[in-house]
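J.: Next comes the sequence, and after it the predicted model I'd like to discuss.
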Number of protein chains: 2
Amino acid sequence: MAMQLEPVLADRDRWKAEHCSIDKAISAIGTRSAILLLREAYYGTTRFDAFARRVGVTEAVAAARLKELTELGVLAKQPYREPGQRTRYEYVLTEMGRDLLPVVLGLMQWGDKYLQDDAGPLKVVDTRSGSAVRVRMQNADGEDVEMEDMELAVRR
Amino acid sequence: MAMQLEPVLADRDRWKAEHCSIDKAISAIGTRSAILLLREAYYGTTRFDAFARRVGVTEAVAAARLKELTELGVLAKQPYREPGQRTRYEYVLTEMGRDLLPVVLGLMQWGDKYLQDDAGPLKVVDTRSGSAVRVRMQNADGEDVEMEDMELAVRR
DNA sequence: TCTCTGGCTTTTGTTGACCATAGTTAGAGG
DNA sequence: CCTCTAACTATGGTCAACAAAAGCCAGAGA
């Protein structure tokens, strides 16, 4: 019914999750606007006003969140120039930002299954095989692992 | 640099993400306390006071969030009786709740890589192979897919 | 010089997520 | 009957996430 706990961790009340990566991660990027801005970045948006408009937040919120995400290192602000235009800045995903895609896709997959009447309006497919892209939990051999077969251990 | 967009979707300003599963998902379970309560459920916690204590939130917050998660269907409230005790209730994960594990594990994986000084205090291993459990994005054939090789399409 | 546009910043106000403290309820044991 | 505990509920307050509306600034074009 749950994950296994290594002997040292067996008594859950004896250890504190004070350096928990899950906690740090949601504290860093766990707002609605941050996740939706990331969604737009995955869809190819790079410019300020497009982010604000497509996410449906005010420019004040978009500015604050884009600044936070840039300082975190999830997005990078890069100069660009369209012909006959002055130099402007665009926001592009860094590796740190691309590495969040499994989380965002995981939310989409879960939302499609449980929060939609009609199985979700969009789907993500692999351009080469044409099959659906899915988020999975696997061991080093590429075998799927269920929650019951996982054990939580201390890193040494 | 981003996902591909199907021709119908190519002009991002022509369609609205109003039934977006990502949006619905974070709106439903996107608070710090909800995610951390789920973490505890994965670690095996079932009782009210243990949830509140281990997550480090007040009982008022734990009560409100557990109620929300139960109404959503992520947790189920089940009666149980310890010998010589009155009937009490415990919160157990439903399939809907277990299906959120890839998201939570994805956050942990990302936090381990980018937000920890020392690679993260805990690790999740497959009890059978002993190897680390990882969250991956794959096509139907079990091949890893990168963001650049994904295409967003309308479900028909 | 004036205006326009993209990219913000500022201000005001609301809501919701949280904390701290204290109080309530249902049954079991004394 | 009284007390104890698990599981809440209530009250009051702080702070962060948002909305709406307005203002600011740097250049390019007229």
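T.: Everything's here; your move.
J.: only C-alpha atoms for contact and neighbour calcs from this point on.
T.: Fine.
J.: helix or strand for the closest residue to DNA strand C within chain A, which one?
T.: Distances between chain A and DNA strand C by CA to the nearest atom of the strand are smallest at A:A60, namely 3.8 Å. In the assignment (DSSP states H and E), A:A60 maps to helix A:59-72.
J.: So what touches that helix?
T.: Helix A:59-72 is contacted from outside by A:A28, A:I29, A:S33, A:A34, A:L37, A:F48, A:D49, A:F51, A:A52, A:L75, A:A76, A:K77, using CA atoms under 8 Å, 6 or more residues apart in numbering or on different chains.
J.: In strands, which of those fall?
T.: Among the contacts of helix A:59-72, the members falling in strands (DSSP state E) are A:L75, A:A76, A:K77.
J.: List only buried entries from the residues you listed.
T.: Buried subset of those (neighbour count, 16 or more other CA atoms under 10 Å in any protein chain shown): A:L75, A:A76, A:K77.
J.: Which pLDDT value goes with the residue nearest to A:T45 when sequence neighbours are not counted?
T.: Computed as CA to CA, 6 or more residues apart in numbering or on different chains, the closest residue to A:T45 that is not its neighbour in sequence is A:F51, at 6.5 Å. On pLDDT, A:F51 comes in at 97.
J.: A:F51 against A:L37, yeah?
T.: Yes. Contact criterion CA atoms under 8 Å: A:F51 and A:L37 qualify, at 6.5 Å.
J.: Just list the residues touching the spatially most central residue of chain A, thanks.
T.: When CA atoms, centre = their mean is applied to chain A, the residue found nearest the centroid is A:L100 (3.4 Å). A:L100 is in contact with B:G106, B:L107, B:W110, counting by CA under 8 Å, 6+ apart.
J.: List the contacts of the strand or helix carrying the last one.
T.: Think B:W110. Using DSSP H and E, B:W110 falls within helix B:101-114. Contact with helix B:101-114 is made by A:20-22, A:24-26, A:96, A:99-100, A:102-104, A:106-107, A:135-137, A:147, B:35, B:39, B:42, B:119-120, B:134-135, as judged by CA under 8 Å, 6+ apart.
J.: Narrow the residues you listed to those in helices?
T.: A:21-22, A:24-26, A:96, A:102-104, A:106-107, B:35, B:39, B:42 (DSSP state H).
J.: Taking those residues, tell me the two that lie furthest apart.
T.: A:M96 and B:Y42 (25.9 Å; CA to CA).
J.: Those two: who's more crowded?
T.: B:Y42 (23 against 15; other CA atoms under 10 Å in any protein chain shown).
J.: pLDDT wise, what is the more buried one at?
T.: 98.
J.: Repeat that for the one 5 residues further on.
T.: At B:R47, the predicted lDDT confidence score is 96.
J.: Backbone dihedrals for the residue nearest to it when sequence neighbours are not counted, please?
T.: Once flanking residues are discounted, B:R47 sits nearest to B:E90: 5.1 Å by CA to CA, 6+ apart. Main-chain dihedrals, B:E90, degrees, to the nearest 10: phi -130, psi 160.
J.: Let me know whether B:E90 touches B:F48 as I believe.
T.: Yes. Counting by CA under 8 Å, B:E90 touches B:F48, with 7.1 Å between them.
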